[in-house]
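> Sequence and predicted structure are below.
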Amino acid sequence: MLEWLFERFHEAADNEAMIWRDQSFQYGWLLEKIDKWKNELVKEDITSGTVVALEGDYSPQVVALLLALIDQGCIIVPLTTTVESRKPRFKEVAEVQKSFCFTDQDTWQVISYPMQVKHPLNLQLQSTGDPGLVLFSSGSTGEPKAALHDFSKLLEKFLARRHTLRTITFLLLDHIGGINTLLYVLSNTGTIISIEDRSPDAVCAAIQKHKVELLPTSPTFLNMLLLSEGYRRYDLSSLQRITYGTEPMPETTLKRISQVFPNATLQQTYGLSELGILRSKSRSNDTLWVKVGGEGYETKVVDRILWIKADSAMLGYLNAPNPFDAEGWFNTGDEVEVDGEYLKILGRRSEMINIGGEKVYPAEVESLLMELDNILDASVRGEPNPITGQMVVARVTLAEPEDPLELRKRIRNALKDIAAPYKIPAKIELADNPLHSARYKKMRRVE
């Protein structure tokens, strides 16, 4: 299955494949570990089609095992500590039969489960002998959906060689963006810099120390980086490219990032757990207009909603109905504006606030709020209103304490000349906790 990839590893045997806890590991070392893991899989009676959970982060052993499992034709379920409480349910849904649990020291144990594979999609994939990948959605509403992929389809895009870059693995291993980053770097025999701490200072320190060239991250993290001013304390001149995705980017954040990193290319990415990561090209560093698609993808816009048809689309959900139409198109739920070949992604229609027929996109109001003094972060949502249907509610975190009544008056005065009246928050809440998840993605729902 991965002969082409292992051949590249052989060619680059002396090159640096990974840096983990400041220790370097070469591609030759990685090949040796993959062979050892293959022997271990035989001992554990793990064959093609076995459903295997991989519980860990980007450590050398985890990466080697992941590649061995792909080559063996297993169905892989990556799980990280961010879903610790949900792991039993996730394993049940995915029909996990074996689980490799890794410690912080990169040691491991294997656990067997008396699980019989019964789901038709799992059985379908087993019959082909191709490897599989199960990814769970973030689950902001209801139970997270389990997307089952034919891993061989996801791998096809990496057959073509591209740029070799030293890259931080910021997005987690159980995220489609994290898997995409890992495979991109390895297929081009670049260097993975694994980090345990994803705080701005820790990331900046790793960029400086290991001359990182590519930072794949989220808008929320980039805003935190600006607020921390870590870019002033560390030498980040090695960065050639910063990619951002997973959520809408506030225009204010993008403009500031483009000023802070004038020599780096800023690239908006777009992808979904159900479809994979599309190739993308931003119109410029300081604009949200982006071209998405590439080989293996078709796009269309229907009623301002982006639809995508992908060769790498999942086989389906293990715990939800098939979301594809008869022709294989997937409704992303993302509302967009169109300018020729370029799109501006406004946000999920499900999160759009409807005020008397007027549309309000949370990311737009958040961007305005984050321009104001003393506001570190903002999260905007809609709440029912008996007169207008909905109203805008904002939660904010402050740099310094401020009287709530004075804060509301200050926000209204600041926004009245730059925003339509219906976009101005009718209610302001002060948040004591971060407004982002462990995946550095904006949280708008209040539990």
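Good, I have the coordinates. Residues are numbered from 1 along each chain as shown.

> Which residue comes closest to the residue nearest the centre of the chain once chain neighbours are left out?
In the chain, the centroid-proximal residue (CA atoms, centre = their mean) is Gly177; its distance is 4.2 Å. Spatial nearest neighbour of Gly177, excluding adjacent residues (CB to CB, 6 or more residues apart in numbering): Leu171 at 4.0 Å. (Each C-beta comes from the backbone N, C-alpha and C, glycine too.)

> Quick check: His149 vs Leu275, distance?
According to CB to CB, to the nearest Å, His149 stands 9 Å off from Leu275.

> follow-up on the earlier one: isn't the residue nearest to Gly177 up against Thr243?
No: here Leu171 lies out of contact with Thr243, judged by CB atoms under 8 Å, at a distance of 9.7 Å.

> Do a quick rundown of the helices in the stretch 101-250 of the chain.
120-128, 151-155, 176-187, 200-210, 219-228, 230-233 (DSSP state H, counting those that start in this stretch).

> Just give me the neighbour total for Val212.
When counting by other CB atoms under 10 Å, one arrives at 23 neighbours for Val212.

> The residue nearest to the centre of the chain: what's it in contact with?
Contacts for Gly177 (CB atoms under 8 Å, 6 or more residues apart in numbering) come out as Leu171, Pro216, Gly245, Thr246, Thr269, Gly271, Ile277.

> Go again with 10 Å.
By CB atoms under 10 Å, 6 or more residues apart in numbering, the contact set of Gly177 is 170-171, 216-218, 243, 245-246, 269, 271, 273, 276-277, 439.

> related to what we said a few turns ago, higher neighbour count, His149 and Leu275?
Neighbour comparison, His149 and Leu275: the larger count goes to His149, with 27 against 23 (by other CB under 10 Å).

> and the residue nearest to Phe90 when sequence neighbours are not counted, what pLDDT?
Sequence neighbours aside, Phe136 is the residue nearest to Phe90 in space, at 5.8 Å (criterion: CB to CB, 6+ apart). pLDDT recorded at Phe136 is 93.

> next one: Asp104
pLDDT at Asp104 comes out at 85.

> For it, give its distance to Gln208.
24 Å.

> again, but for Leu315
43 Å.

> hang on, the earlier thing: what sits against the residue nearest to Gly177?
Taking CB under 10 Å, 6+ apart as the test, what Leu171 contacts is 177-182, 198, 216-218, 221, 243, 245-246, 269, 439-440.

> if we can go back for a sec, mind giving me CSV with the helices of the stretch 101-250 of the chain and columns for distance to His163?
Shown next, in CSV, are those (distance: least, CB to CB, whole Å):
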stretch, distance to His163
helix 120-128, 32
helix 151-155, 18
helix 176-187, 9
helix 200-210, 17
helix 219-228, 21
helix 230-233, 23
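
> what sits against the closest residue to Ala13 other than its chain neighbours?
Distance criterion CB to CB, 6+ apart; nearest residue to Ala13, sequence neighbours excluded, is Gly28 at 3.7 Å. Gly28 makes contact with Phe9, His10, Ala12, Ala13, Asp14, Asn15, Ala17, according to CB under 10 Å, 6+ apart.

> same question, Val360
347, 351-354, 380, 382, 390-392, 419-420, 422-425.

> which of those residues count as buried?
347, 351, 353, 380, 382, 390-392, 419, 422-425 (16 or more other CB atoms under 10 Å).

> what about the lengthiest helix in the chain, average pLDDT?
Longest helix in the chain, counting residues (DSSP state H): helix 27-43. Averaging pLDDT along helix 27-43 yields 96.

> So which residues of the stretch 51-200 of the chain form strands?
51-55, 75-79, 98-102, 108-112, 132-136, 146-150, 166-168, 191-194 (DSSP state E, counting those that start in this stretch).

> With the stretch 301-447 of the chain instead?
Going by DSSP E, counting those that start in this stretch, the stretch 301-447 of the chain shows strands at 305-310, 316-317, 330-339, 342-348, 353-355, 358-360, 375-385, 389-398, 427-430.

> Of all those strands, which one is nearest Asn122?
strand 316-317 (10.4 Å; CB to CB).

> Report all helices and strands that that closest one contacts.
Here strand 316-317 touches helix 120-128, strand 146-150, going by 3 or more CB pairs under 10 Å, 6 or more residues apart in numbering; DSSP states H and E.

> tell me the mean pLDDT over that strand?
For strand 316-317, the per-residue pLDDT averages 96.

> Tell me which strands that strand pairs with, and in which orientation.
strand 146-150 (antiparallel) (DSSP bridges).

> got a list of contacts for the partner strand?
75-77, 89-90, 93-95, 119, 121-122, 124-125, 128, 130-137, 176, 179, 272-276, 312-320, 323.

> Could I get the CA-only coordinates of that strand as PDB?
Taking C-alpha atoms only, strand 146-150 is exported to PDB below (Å, rounded to 0.1, in the frame of the first residue of the first chain):
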ATOM      1  CA  ALA A 146     -18.200   9.300  12.700                       C
ATOM      2  CA  ALA A 147     -16.900   9.700   9.100                       C
ATOM      3  CA  LEU A 148     -15.400   6.600   7.600                       C
ATOM      4  CA  HIS A 149     -12.900   7.100   4.800                       C
ATOM      5  CA  ASP A 150     -11.100   4.800   2.400                       C
END
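
> That's all I had, so thanks and see you.
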